[in-house]
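> sequence and computational prediction follow.
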Amino acid sequence: MTTTTLAVLVPLLPFLGAVAGLLLGRTAPGFVRPLAVLPVLASLALAVTVAVDQGGGLAINSHTELTPTGSVPIELGLHIDGFAALVAVLVGVVATCVQIYSTGYLRDDPRYPSYAALVSLFTSAMLLVVYSGDLMVLLVGWEVMGICSYFLVGHYWETPEARAASLKAFLVTKLGDVPFLIGLFALATDAGSFRITTVLGTVASGGLHHPTVVALLLLAGVAGKSALFPLHTWLPDAMAGPTPVSALIHAATMVAAGIYFVARLLPVFQASAAAMVVLAVMAGVTMVGSGLAALAQDDIKRVLAYSTIGQLGYMAGALAVGDRGAAVFHLLAHGAFKALLFLAAGVIIHASGTNSLAAMSRMKDLRLRVPDAFWTMTVALLALAAIPPFSGFFSKEAVLGAAEHVATGHTEQAPGASGWIVLITGLVTAVLTAAYATRLWLLAFRGHGAEAPDHGRQPVTMTAVLWVLAIPSLAFGLAFGPLPDWFDGHDLTPVLTTSVLGTGLALVGGIVTYGAWRHTSALAARVPLGAVAAHPDADAGHVEAEAIASHEPVYGDVARAPDPADPGRLLLGPLHRHAAVGFHLDTVYSALFVRPVQAGATLVRFLDREVVDTYVRGAGALPRWLGTAVRRAQTGNVQTYVSALLAGTVVLVVAALLVATGA
């Protein structure tokens, strides 16, 4: 088969697996697990074959008109260059690991068949986005992922948190998709085609008439899909879904789609200096804000969620300085270690026998109970903190090095302001990342919380996957040498200045956090745990309300007191309570958007019920009253009819006489 045929099968196989899984889920449950794993595994093998055939050389292009539109044509096409081939391999690896892992994680879940089918459909949609050569076909995959995320995040629909999180994820991403769609139409109108190669050719020839408007419209959709400021608030709440879904969304699908889109159409954004600066500001605020928020979270999955937002900020920062090679390099490295982090967290949660018990303040001696998760998560956290020689060091330094080149004027592929914004915020985020990674490791594996019940060893399908992902988390960064041949040829070798600064700041962040943990642990030995002990003058109900308002975990009848062994509280000080709730962005959005919409809906309901319905009811009541009056006049008594006739005649005669007299 040709490379083009193989590439078509890459997204098609998971789609067929999803359809078959849905059809056979009830009638032949024994086929559900093979249908979940084998199509995705075969798709991975084909993606690797396509990547080998492409080899980082000329892009593979193939297209055929999908349907005549009478104007701008929509084509079913492929555009596979070096980084598209590698991103497809990443999607296949993570999706395969997630499907294998889920056979153990959700082995007793009655809704596993629909879950597995949706994961396969999710994978197929992302692969369609990666390989698509037409923007409208790309949009199909883009939107299918949004639908899949809605159902998967809401998998535990019995819980109000899952229902609210799935709805929030859907609405926030759709909020960005509206201007995104308008931007795609504007882009295609200028180019005369939705084909990506034609669009890029139009940009190169200066045919894009309103580049700033188009770029900003597209960035709105990217911000929603890739959880960049200000549309990032849905991602932490999406942790209400199953942990393998979190791994898939955070590592290889959904949030990676927006970064990939900007990387693929980077010349469109580079055509507007203002758009590049806006992207840099979005990246900078995303990085620093998420780092501070991660330091204040107690739920292990929410820490990792804010971590993903911060790493997406790094990728967006690389794009803001015009280096898509560094952005995709970090996307690939991050995909490996973030999938590992979530799946290791899933082992921890699974060992506790519940999906929701993820509060780090409750963990104790987990390094002894889940050694596979301990060692592999340690590797992943070192990669996240960008400690050499782990993969995150090389990919993050590629981003900082690209920002340093733009900031110092060594390259003019982006405005100098973008370079300085990304460089400064990236270095600040390096400190924060190491701090919350160290805090997570200390609280999870050396914590002093209450020991959870032991549910035995985890299935081998879960633990084996962790070791598979640990390999690229440790070694993938060493591919910085050959990778430029697959991208734009930009050198990805770490720059000495940013390497020393980034690594030094990361070490400072880790050491300071460890010192704060030692200090707070000593304090914890003298401070009794429990909400009442921490609040002796407050009743339990007051303590519970206070804890719920600050997103503190609640256990039993009263809220657990703020853990005195948490270094995050000491490091953040008074900023902690604001960082714990995401700096109140949800409250701001509620005041600016939700409450006005609700007030408008209330007004419309009032007008509909009290005004419109009043007229409708009146229009129906008048004929009813007339009918009642007429019906009462029809008594069936002849004497009554004759009397009425005579009375009417008398009235008419009197009226005629009056008229005649007046005349």
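Structure received. Residues are numbered from 1 along each chain as shown.
> how far does stretch 489-496 sit from its chain's centre?
Averaging C-alpha positions (CA atoms, centre = their mean, to the nearest Å) puts stretch 489-496 30 Å from its chain's average.
> tell me which residues in that stretch are buried?
490-492, 494-495 (16 or more other CB atoms under 10 Å). Using the backbone N, CA and C atoms, a C-beta is placed for each residue, glycine as well.
> from start to finish, how long is it in a straight line?
End-to-end distance of stretch 489-496 (CA to CA, to the nearest Å): 20 Å.
> the longest helix seen in the chain: which residues count as buried?
Taking DSSP state H as the criterion, the chain has its longest helix at helix 160-191. Buried residues in helix 160-191, counted by 16+ other CB under 10 Å: 162, 165-166, 168-170, 172-173, 175-177, 179-184, 186-188, 190-191.
> show the subsequent helix or strand relative to it.
Next in sequence after helix 160-191, counting helices and strands by DSSP states H and E, comes helix 196-204.
> that following helix packs against which elements?
Contacts defined by 3 or more CB pairs under 8 Å, 6 or more residues apart in numbering; DSSP states H and E place helix 196-204 against helix 135-153, helix 160-191, helix 266-270.
> and the next helix or strand after it, what's buried?
Counting by DSSP H and E, the element after helix 196-204 in chain order, helix or strand, is helix 211-225. For helix 211-225, the neighbour count (16+ other CB under 10 Å) marks 211, 213-225 as buried.
> show me what secondary structure element comes after helix 211-225.
Moving toward the C-terminus from helix 211-225, the next helix or strand (DSSP H and E) is helix 234-237.
> quick check: mean pLDDT across that following helix?
Average pLDDT, helix 234-237: 94.
> beyond it, next helix or strand please.
helix 243-251.
> what is that next one packed up against?
helix 82-105, helix 112-131, helix 135-153, helix 300-320, helix 324-351.
> let me know the closest of the buried residues of helix 211-225 to Arg439.
Set against Arg439, the nearest of these by CB to CB is Ala223 (27.6 Å).
> the strands in the stretch 501-650 of the chain, which residues?
Per DSSP state E, counting those that start in this stretch, the stretch 501-650 of the chain carries strands over the ranges 554-555, 558-559.
> what is the mean pLDDT for the first one?
So the one you mean is strand 554-555. 36.
> just stretch 340-349 next, same as before
Mean predicted lDDT for stretch 340-349 stands at 92.
> chain center to that stretch: distance?
18 Å.
> same check, this time on stretch 325-336
Put simply, stretch 325-336 sits 17 Å off its chain's centre (CA atoms, centre = their mean).
> what does stretch 457-470 give?
For stretch 457-470, the distance to the chain centre is 25 Å (CA atoms, centre = their mean).
> residue contacts, Ala88?
Taking CB atoms under 8 Å, 6 or more residues apart in numbering, we find Ala88 in contact with 10, 47, 50-51, 80, 127, 130-131.
> does the closest residue to it other than its chain neighbours lie in a helix or a strand, and which?
Ranked by CB to CB, 6 or more residues apart in numbering and with sequence neighbours excluded, the top spatial neighbour of Ala88 is Ala47, at 4.4 Å. In the assignment (DSSP H and E), Ala47 maps to helix 32-54.
> over to Asn61?
Using DSSP H and E, Asn61 maps to strand 60-67.
> okay, the angle between that strand and helix 196-204?
Here the directions of strand 60-67 and helix 196-204 differ by 100 degrees (axes from the mean of the first three to the mean of the last three CA atoms, to 10 degrees).
> identify the residues contacting the most centrally placed residue in the chain.
Centroid-nearest residue in the chain, with CA atoms, centre = their mean: Leu235, separated by 4.5 Å. With contacts defined as CB under 8 Å, 6+ apart, Leu235 is in contact with 169, 227, 250, 255, 305, 308-309.
> what about 7 Å?
Leu235 makes contact with 227, 255, 305, 308-309 under the criterion CB atoms under 7 Å, 6 or more residues apart in numbering.
> one more: Pro267?
By CB under 7 Å, 6+ apart, Pro267 lies in contact with 200, 203-204.
> how about JSON lines for the residues you listed, with pLDDT added?
Shown next, in JSON lines, are these (pLDDT from 0 to 100):
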{"residue": "Leu200", "pLDDT": "94"}
{"residue": "Val203", "pLDDT": "94"}
{"residue": "Ala204", "pLDDT": "93"}
